[in-house]
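Colleague: okay, here's the prediction I keep looking at, along with the sequence it came from:
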Amino acid sequence: MPHYWLMKAEPAEASIDDVLAMPDATVGWTGVRNYQARNFMRDSMQVGDGVLFYHSSCAQPGVVGIARVASGIKVDPTQFDPASPYFDAASKPEAPRWLLVDVQVVHKTRNLTLPELRADAALADLLILKKGNRLSITPVEPAHWQHIVSVLGHPGV
DNA sequence: GCCAACGTTGGC
DNA sequence: GCCAACGTTGGC
């Protein structure tokens, strides 16, 4: 039974177009620095899980594509790079603190915007819409996933 | 730039 | 372990 996820990306940093331009349309999901989000990747994600690719911190936040989890869990190399904004001096190579998975874009969609998501009664319980939610990775209920890919006119992963 | 909400840190 | 201070997120 696959799981489904919503993963936030800042388009100024890694937009869906940026990822599409990469080999195999696949990107290592660097920069997760929240334990709960990390634990979702480490403990619950499986290769092939469905991912809603979401643009945040931008003019038109929303779901902009369908993606899939494309690797198992790996060490996030940016934590050891002093030049990276994600550098973590407290993390040691013998005990890496931060992890990532590869994410492969399957289909770029139109932007299903945040106001549209909020206006959809079927998505009232979508975690991203809950007040105060800031997690960059959240699980998505199968019914929510089916609804969103249907609204986007896509068969899913 | 503002601000609400939440996570992390660190003194005690 | 408590909790105030601080930093970050992210929409507006």
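Modeller: That came through, no problem.
Colleague: I'd like the distance between residue A:83 and residue A:139.
Modeller: Here residue A:83 is placed at a distance of 33 Å from residue A:139 (Cβ to Cβ, to the nearest Å). Just so you know, the C-beta spots here come from the backbone N, C-alpha and C atoms, and that holds for glycine as well.
Colleague: of the two, who's got more company?
Modeller: Under the neighbour definition other Cβ atoms under 10 Å, residue A:83 and residue A:139 were set side by side, and residue A:139 has more, 16 against 6.
Colleague: I'd assumed residue A:5 was in contact with residue A:40.
Modeller: Yes: judged on Cβ atoms under 8 Å, residue A:40 makes contact with residue A:5 at a distance of 7.2 Å.
Colleague: what's the first helix or strand after the helix or strand hosting residue A:117?
Modeller: Counting by DSSP states H and E, the element that carries residue A:117 is helix A:114-119. Tracing the chain past helix A:114-119, the next element assigned as helix or strand by DSSP H and E is strand A:137-140.
Colleague: and the residue located most distally from the centre of chain A, what are its phi and psi?
Modeller: Farthest-out residue of chain A from its mean C-alpha position, per Cα atoms, centre = their mean: residue A:94, at 26.8 Å. Backbone torsions for residue A:94, taken as degrees, to the nearest 10, come to phi -80, psi -10.
Colleague: give me the pLDDT for it.
Modeller: In this prediction, residue A:94 carries a pLDDT score of 87.
Colleague: again with residue A:91
Modeller: In the predicted model, residue A:91 carries a pLDDT score of 89.
Colleague: could you check how far the closest residue in space to it that isn't next to it in sequence is from residue A:78?
Modeller: On the basis of Cβ to Cβ, 6 or more residues apart in numbering, the spatially nearest residue to residue A:91 that is not a chain neighbour turns out to be residue A:97, at 4.0 Å. Residue A:97 sits 12 Å away from residue A:78 when distances are taken as Cβ to Cβ.
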